[in-house]
Structures are given as C-alpha cells and as structure tokens.
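**Student:** Give me the fold of what follows.
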Amino acid sequence: MELMDLLQSRRAFREYDDQPLTSEELQPILLAAETSPVGLGKYRNHRLTVIQDPKVLNQIQLKLGQESHDFNRGRNAPLLVR
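**Tutor:** Okay, the predicted model is just below:
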C-alpha cells in the first residue's frame, strides 16, 4: 500500500465491543506503538502500559468523560495502551 493510500484510509474508532483482545491481536498494536515517534526523541523515558482490568478501564472512562463532557469516550474499550 502506498503511503498516501494508507494515510487517507486511516480511521478513528470511538465505539468498541467488550471482547478482550488475544495476545496475537495485541502484539501488532504494541509493535506499532513502540515504533511510533516519541516527543523530543526521549525514548529512554518512554514506557507503554497496557490496562485490561474492566474496573480500572471504567474508572478511566468516567474520569475522561468528566473532563471532556463526553461520557461515551472509550466506552467498552477492551484495553488502553498508554
């Protein structure tokens, strides 16, 4: 796929089902995150955290909703990579 085709076909998803991801599904996501640019090139300080606990995800979703007034943001997302 050409770069422009790839850039033009990208999408943001804001609705999720609550099915957990398998390890095989998670690996390419983490690889993409690990190879993405980091601000100011501070790769030594860069850490990825994967959150899959539904209780913690719900707390995060509620907090994001309070701050953005969008209580559907992240609803039912099976994980968060930060």
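
**Student:** Now do the helices in this protein.
**Tutor:** 3-9, 23-35, 54-68 (DSSP state H).

**Student:** Make JSON lines out of those and add mean neighbour count.
**Tutor:** To be clear about C-beta, it is placed using only N, CA and C from the backbone, and glycine gets the same treatment. JSON lines is the format used below for the helices of the chain (neighbours: other C-beta atoms under 10 Å):
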{"stretch": "helix 3-9", "mean neighbour count": "8"}
{"stretch": "helix 23-35", "mean neighbour count": "11"}
{"stretch": "helix 54-68", "mean neighbour count": "13"}
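
**Student:** Redo the ones you listed as CSV? Include distance to Y43.
**Tutor:** CSV is the format used below for the helices of the chain (distance: least, C-beta to C-beta, whole Å):
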stretch, distance to Y43
helix 3-9, 23
helix 23-35, 10
helix 54-68, 25
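
**Student:** Let's have these in a markdown table, adding mean pLDDT and distance to L80.
**Tutor:** Output for the helices of the chain, formatted as a markdown table (pLDDT from 0 to 100; distance: least, C-beta to C-beta, whole Å):
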| stretch | mean pLDDT | distance to L80 |
| --- | --- | --- |
| helix 3-9 | 82 | 24 |
| helix 23-35 | 89 | 11 |
| helix 54-68 | 83 | 6 |
